[in-house]
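Peer 1: need coordinates for the following:
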Amino acid sequence: MTRLRLGLEWFLNPDHVPLLLAQDRGWFDEAGLEVDLIEPEAHLDAVEAIEKGEMDCAVTEPLHLVEDRAKGELCVGFARFLHTNGGVMATAEIERPRDMVGKRIQYPGAPGPGGPAIVATMVEADGGPTGTEDGYGRVNNSFYHTDALAEDKADVATLVFHNFEVVEAQHRGLDVRMFALKDWGVPDFCQLVLITHPDKLEAERETFATLVRVLRRGVDAVKQDPEAAREVYFRMTDSDPEDALTRAIYDATVPCFTHDFSMSADYYRRLEAWMADRGLITETPGADEYWTNDLAL
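Peer 2: Okay, here's the model as predicted:
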């Protein structure tokens, strides 16, 4: 049995249902894998944890993968399994992106440049002024985006996933709207991918190939029988099966799992170009440096 320590990008939630199914139904065991799902106590530097030998691979988003590689960190992505609609969630008085000029932005990296880069791009795509990045309030309410709007700590929140924060806000009766990245000039990076160290991928290629095969089986099972997968999720996370919000988030997440685990070099080229233009990275290494479809196809 080969042990594999897989770091999650956040606490266990419906985004991870295929992995939980594989554990519950013994598919990892059948494939010779003992998979530990590691929930971060705080925002996790997955690349550093892999380099230190604390984890073997991790879930992250394409934005962070590019950011880490552009800084010279050794990391490679090898499978995408979830693609949701995401972007900026705003209070109701903000009717269109250009209304966000000068507003308070909630984002976990505050006061870093990420939140203003996203919002300023949307403002410009909507015909608003350029060069607004320095004019925004920068609020760090961790990952509690909905709380930040509900408690009047911020006017807009980024980055939100429609299947999570927007569903949560609507469940709580908040009057909000969402501006999707893909609609307002920002490359769509609201996706979850698996990463590891390039040397580890080369040395343990069959282990990671097996992980991808089992993950694909989990995605298929969620899509084909979402009710049975729901039962597994609630039981394995010790969640209340009658909790309406958790059920709503689960239902909104099921369509987000993708059967296409690959990603294109053109996609990463556009993402790099936007990040460089907005000053989020200083190097553009190219997707061949940090992404492979060898295991995804």
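
Peer 1: residue 273: how many residues sit nearby?
Peer 2: 12 (other Cβ atoms under 10 Å). C-beta: built from backbone N, CA, C; applies to glycine.

Peer 1: let me see the ranges of the strands in the stretch 101-250 of the chain.
Peer 2: Under the criterion DSSP state E, counting those that start in this stretch, the stretch 101-250 of the chain carries strands at the ranges 104-106, 137-139, 156-161, 176-180, 191-196.

Peer 1: now do the third one: which elements does it pack against?
Peer 2: For strand 156-161, the helices and strands in contact under the criterion 3 or more Cβ pairs under 8 Å, 6 or more residues apart in numbering; DSSP states H and E are strand 86-91, strand 104-106, helix 114-125, helix 145-150.

Peer 1: go on, the second one?
Peer 2: In this structure, strand 137-139 makes packing contacts with strand 104-106, judged by 3+ Cβ pairs under 8 Å, 6+ apart.

Peer 1: now do the fourth one
Peer 2: Based on contacts counted as 3+ Cβ pairs under 8 Å, 6+ apart, the elements that strand 176-180 packs against are strand 86-91.

Peer 1: quick one: residue 241 and residue 232 touch, right?
Peer 2: No - look at residue 241 against residue 232 with Cβ atoms under 8 Å: they stay out of range, at 11.2 Å.

Peer 1: just the strands of the stretch 101-250 of the chain: most buried one?
Peer 2: strand 156-161 (a mean of 28; mean count of other Cβ atoms under 10 Å).

Peer 1: now do that strand against strand 176-180: the angle between them, please.
Peer 2: For strand 156-161 against strand 176-180, the angle by axes from the mean of the first three to the mean of the last three Cα atoms, to 10 degrees is 60 degrees.

Peer 1: quick check: closest non-adjacent residue to residue 80.
Peer 2: residue 193 (4.7 Å; Cβ to Cβ, 6 or more residues apart in numbering).

Peer 1: so who does the one you found touch?
Peer 2: 59, 60, 61, 62, 65, 77, 78, 79, 80, 81, 263 (Cβ atoms under 8 Å, 6 or more residues apart in numbering).

Peer 1: next one: residue 248
Peer 2: Here residue 248 is in contact with 167, 171 (criterion: Cβ under 8 Å, 6+ apart).

Peer 1: report the distance from stretch 159-166 to the chain centre.
Peer 2: Centroid separation between stretch 159-166 and its chain, computed with Cα atoms, centre = their mean, to the nearest Å, is 10 Å.

Peer 1: can you show me the CA trace of it as PDB?
Peer 2: Extracted C-alpha coordinates of stretch 159-166, given in PDB (Å, rounded to 0.1, in the frame of the first residue of the first chain):
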ATOM      1  CA  LEU A 159     -12.700  35.700  -5.100                       C
ATOM      2  CA  VAL A 160     -16.100  33.900  -4.600                       C
ATOM      3  CA  PHE A 161     -17.400  30.700  -6.000                       C
ATOM      4  CA  HIS A 162     -21.000  30.700  -7.200                       C
ATOM      5  CA  ASN A 163     -21.600  27.200  -5.800                       C
ATOM      6  CA  PHE A 164     -20.500  28.300  -2.300                       C
ATOM      7  CA  GLU A 165     -20.500  32.000  -1.300                       C
ATOM      8  CA  VAL A 166     -23.300  33.100  -3.600                       C
END
